[in-house]
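1. No sequence on hand, only this structure:
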């Protein structure tokens with residue numbers, strides 16, 4: 001049986017601190033139960049787990065002096081235990097078996113809930129953004145890594161082992177590039193930020209991130225054009241497969257990668273209706289996410305209020 005988080009927003013507390021621990025950036029903010037964001041901050045993500053916990057403790061002290069914080073919701077780029085306390089594995093951070101929630105709870109005495117970051121983004125968009133009013137929603141998020149958050153029948157789907165939506169580690173090419181998870185040809189090697197940088201290097205380009213690759217693409221650099229062509233083909237193929245497999249009423253596309261190449265949304269809008277099953281696209285709408293860079297912060301905070309049945 002699928003593990004489902006049924007959603008119920010409780011109105012008896014003032015503010016929740018939302019934290020989004022991504023592969024590249026750490027974002028925080030205070031969120032009201034209506035989903036309004038206050039004092040959003042974005043910092044570079046630290047590779048050291050201990051330094052990250054130290055930074056979060058300092059940030060928490062600053063927030064709690066300005067707001068009445070009732071709890072902490074954390075979204076992280078990795079798999080978490082169903083109880084929402086422990087990180088199991090975050091490939092793009094190199095962290096395994098970390099008791100993040102317990103450590104921050106001990107430091108603050110506040111209750112803490114840990115969730116996968118893309119699950120949190122889907123929640124934020126469903127409650128407060130581009131997925132509002134949609135009973136069956138799929139969010140495909142391209143950042144350092146790749147993941148999907150799925151709402152079905154107005155419920156967030158998390159899976160038996162709480163790893164539902166790890167589409168970045170579905171195989172697109174059995175003979176392809178080795179992924180950070182250890183497998184070959186994962187979708188993330190085509191669509192994730194680190195994969196794009198590596199593919200650019202294999203094509204003879206030296207870029208620090210995907211945004212530099214896209215800048216060369218706009219200058220019609222032939223090597224950049226080749227890499228982005230692969231990206232486009234992989235994005236469309238992935239979107240078609242997800243639409244066929246999950247049959248959402250709305251597909252939302254977002255994440256830091258798409259900020260650098262917004263026309264990718266139009267590629268998907270154009271090709272999915274032509275290539276996916278007619279029954280899967282009959283009532284489908286395809287749009288960009290609307291909450292921007294802090295959708296994970298808002299979603300992690302809103303998830304704190306959920307009821308688990």
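-> Alright, I've got the coordinates. Because the structure is predicted, anything quoted here is derived from the model rather than measured.

2. Which strands or helices does the longest helix along the chain pack on?
-> Looking across the chain with DSSP state H, the single longest helix is helix 222-246. Packing partners of helix 222-246 (3 or more CB pairs under 8 Å, 6 or more residues apart in numbering; DSSP states H and E): strand 137-142, strand 146-152, helix 188-191, helix 193-202, helix 210-218, strand 250-254, helix 264-275, helix 278-281. Yep, even glycine has a C-beta here, placed from its N, CA and C like the rest.

3. can you give me how far it is from the chain middle?
-> Counting by CA atoms, centre = their mean, to the nearest Å, helix 222-246 is centred 18 Å from the centre of its parent chain.

4. Mind checking the pLDDT average for that helix?
-> Averaged across helix 222-246, the pLDDT comes to 98.

5. Kindly report the same for stretch 281-297.
-> 94.

6. again with stretch 47-59
-> The average of the pLDDT scores along stretch 47-59 is 92.

7. Next: stretch 256-273.
-> Across stretch 256-273, pLDDT averages out at 96.

8. Endpoints of it, how far apart?
-> Across stretch 256-273, the terminal residues are separated by 25 Å (CA to CA, to the nearest Å).

9. do the same with stretch 151-160
-> With CA to CA applied, stretch 151-160 spans 15 Å between its terminal residues.

10. do the same with stretch 183-202
-> Start and end residues of stretch 183-202 are separated by 19 Å (CA to CA).

11. Relative to the whole chain's centre, how far out is it?
-> Put simply, stretch 183-202 sits 17 Å off its chain's centre (CA atoms, centre = their mean).

12. buried sites along that stretch?
-> The neighbour-count check on stretch 183-202 (16 or more other CB atoms under 10 Å) flags 185-197, 199-200 as buried.

13. From the rest of the structure, what touches that stretch?
-> 23-24, 92, 142-146, 167-181, 206-210, 213, 223-224, 227, 230-231, 234-235, 238, 256-257 (CB atoms under 8 Å, 6 or more residues apart in numbering).

14. And for stretch 97-115?
-> By CB under 8 Å, 6+ apart, the residues outside stretch 97-115 that reach it are 17, 49, 53, 56-57, 60, 64, 69-76, 80-81, 84-89, 300, 303-304.

15. And for stretch 264-276?
-> 231-232, 235-236, 239-240, 243-244, 251, 253, 258, 281, 284, 286-288.

16. Find the centremost residue of this structure, please.
-> When CA atoms, centre = their mean is applied to the chain, the residue found nearest the centroid is residue 118 (3.0 Å).

17. Low-confidence bits of this protein, can you list those?
-> The model of the chain has pLDDT under 70 over residues 1-13, 306-309.

18. any idea how it splits into domains?
-> What automatic domain parsing lists as the domains of the chain is 4-122+294-303, 134-288.

19. Would you work out how far apart the start and end of the last one are?
-> Using CA to CA, one end of domain 134-288 lies 14 Å from the other.

20. re the thing from before, which of the contacts of stretch 183-202 are buried, as a PyMOL select command?
-> A single PyMOL command selects the buried members of these (16+ other CB under 10 Å):
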select buried, resi 23+92+142+143+144+145+146+167+168+169+170+172+176+179+180+181+207+209+210+213+223+224+227+231+234+235+238+256+257
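
21. quick one on the thing from earlier: could the domains of the chain be laid out in JSON lines, adding distance to residue 128?
-> Output for the domains of the chain, formatted as JSON lines (distance: least, CB to CB, whole Å):
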{"stretch": "domain 4-122+294-303", "distance to residue 128": "4"}
{"stretch": "domain 134-288", "distance to residue 128": "13"}
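
22. returning to what we had before: mind putting the helices and strands packed on helix 222-246 into a markdown table with distance to residue 106?
-> Formatted as a markdown table, these follow (distance: least, CB to CB, whole Å):
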| stretch | distance to residue 106 |
| --- | --- |
| strand 137-142 | 31 |
| strand 146-152 | 29 |
| helix 188-191 | 33 |
| helix 193-202 | 33 |
| helix 210-218 | 37 |
| strand 250-254 | 33 |
| helix 264-275 | 42 |
| helix 278-281 | 47 |
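
23. Would you check that residue 14 makes contact with residue 38?
-> No - contact criterion CB atoms under 8 Å: residue 14 and residue 38 do not qualify, at 10.9 Å.

24. Please identify every residue contacting each of these two.
-> Shared contacts of residue 14 and residue 38, defined by CB under 8 Å, 6+ apart, comprise 32, 67.

25. From residue 208, how far out is the residue in the chain sticking out farthest from the centre?
-> In terms of distance from the mean C-alpha position of the chain, residue 222 ranks first, at 30.6 Å (CA atoms, centre = their mean). Shown here: residue 222 relative to residue 208, a distance of 20 Å by CB to CB, to the nearest Å.

26. burial of residue 123, as a residue count?
-> 33 (other CB atoms under 10 Å).

27. That concludes my questions; thank you for your assistance.
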